[in-house]
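**Student:** fold the following for me, if possible:
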Amino acid sequence: TDITGSSINSLTIQMQNDWNLISGISTPISYTDIVDPEGIVIPGTLFGFGESYEQVDELEPGKAYWLRTTGAGEITLSSANRNGRFNSFYPSGHLNTIKVFNTTLYFGDEIGDENPLSYSLPPKAPAPARDIRFSGNTGICISDECVIEAIPSEEFLSIECNIQDGEEWEIISESGSVYECLGNEELMMSGDL
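**Tutor:** Presented below is the predicted three-dimensional model:
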């Protein structure tokens with residue numbers, strides 16, 4: 001399909017408190033190049049969608065993204081701007097992880113000075129989309145017992161475990177099946193997570 005029109009090289013977007021669905025401009029723009037003068041954008045909360053939610057570092061033309069804020073205000077996207085007002089979010093390397101689909105969940109230790117909202121996840125996608133998260137719409141759990149909510153689309157799930165410092169963790173499915181997570185390994189689980 002041919003689409004005609006002028007390029008959009010700069011765009012100011014009015015954001016609402018919490019999750020916002022936005023799009024980019026006519027050229028790709030890095031997440032760190034978003035101008036956020038009021039400091040409302042929560043680092044680490046830019047998500048695109050493929051077969052499941054994917055944390056991204058760039059807004060591509062013609063695609064939609066979820067972005068979370070701490071309050072209402074304005075952000076600006078511009079192809080001329082290359083020095084945004086905030087940094088990327090990098091989760092702590094000392095946390096244990098499990099990765100399912102394209103989503104990484106973090107667990108097992110305190111997060112220190114990091115903003116817990118940086119681990120939040122967008123609203124659940126409607127079925128039949130795949131989704132995995134801890135209860136409370138978050139990607140982090142810092143207790144000894146965490147509840148995982150999953151919407152699988154396959155009979156079996158592939159889960160990549162990365163467990164730190166020789167710890168031993170178990171994933172217990174709804175049917176009572178127990179899967180041990182030790183070190184770095186890949187588990188195949190039935191879809192009844």
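**Student:** gap between the residue nearest to the spatial centre of the chain and Asp18?
**Tutor:** For the chain, Gln55 is the residue whose C-alpha lies nearest the centre (CA atoms, centre = their mean; 4.2 Å). Separation of Gln55 from Asp18 (CB to CB, to the nearest Å): 17 Å. Every residue, glycine included, has its C-beta placed from N, CA and C.
**Student:** next one: Ile42
**Tutor:** As defined by CB to CB, Ile42 lies at a distance of 10 Å from Asp18.
**Student:** overlap in contacts, these two.
**Tutor:** Arg68, Thr69 (CB atoms under 8 Å, 6 or more residues apart in numbering).
**Student:** who's more crowded, those two?
**Tutor:** Ile42 (21 against 14; other CB atoms under 10 Å).
**Student:** for that one, helix, strand, or coil?
**Tutor:** Here Ile42 is strand, with the state taken from DSSP: H, G, I helix; E, B strand; the rest coil.
**Student:** measure it to Lys63 for me?
**Tutor:** According to CB to CB, Ile42 stands 20 Å off from Lys63.
**Student:** run through the residues that contact Ser7.
**Tutor:** Ile25, Ser26, Thr27.
**Student:** counting neighbours, which of the residues you listed comes out on top?
**Tutor:** Most neighbours among these, by other CB under 10 Å: Ile25, with 17 neighbours.
**Student:** please, which helix or strand holds the closest residue to that residue other than its chain neighbours?
**Tutor:** In this structure, Ile25 finds its nearest non-sequential neighbour in Ile8, 4.7 Å apart by CB to CB, 6 or more residues apart in numbering. Ile8 belongs to no helix or strand when assigned by DSSP states H and E.
**Student:** what about Ile8, distance to Pro37?
**Tutor:** Going from Ile8 to Pro37 by CB to CB gives 20 Å.
**Student:** who has more neighbours, these two?
**Tutor:** Set Ile8 next to Pro37 and count neighbours by other CB under 10 Å: Ile8 wins out with 15 against 10.
**Student:** so that one touches Ser26, yeah?
**Tutor:** Yes - between Ile8 and Ser26 there is a contact under CB atoms under 8 Å: 4.9 Å.
**Student:** circling back: ok, the residue nearest to Ile25 to Gly39 distance?
**Tutor:** Distance from Ile8 to Gly39, by CB to CB: 25 Å.
**Student:** same question for Thr45.
**Tutor:** Taking CB to CB, one finds Thr45 at 14 Å from Gly39.
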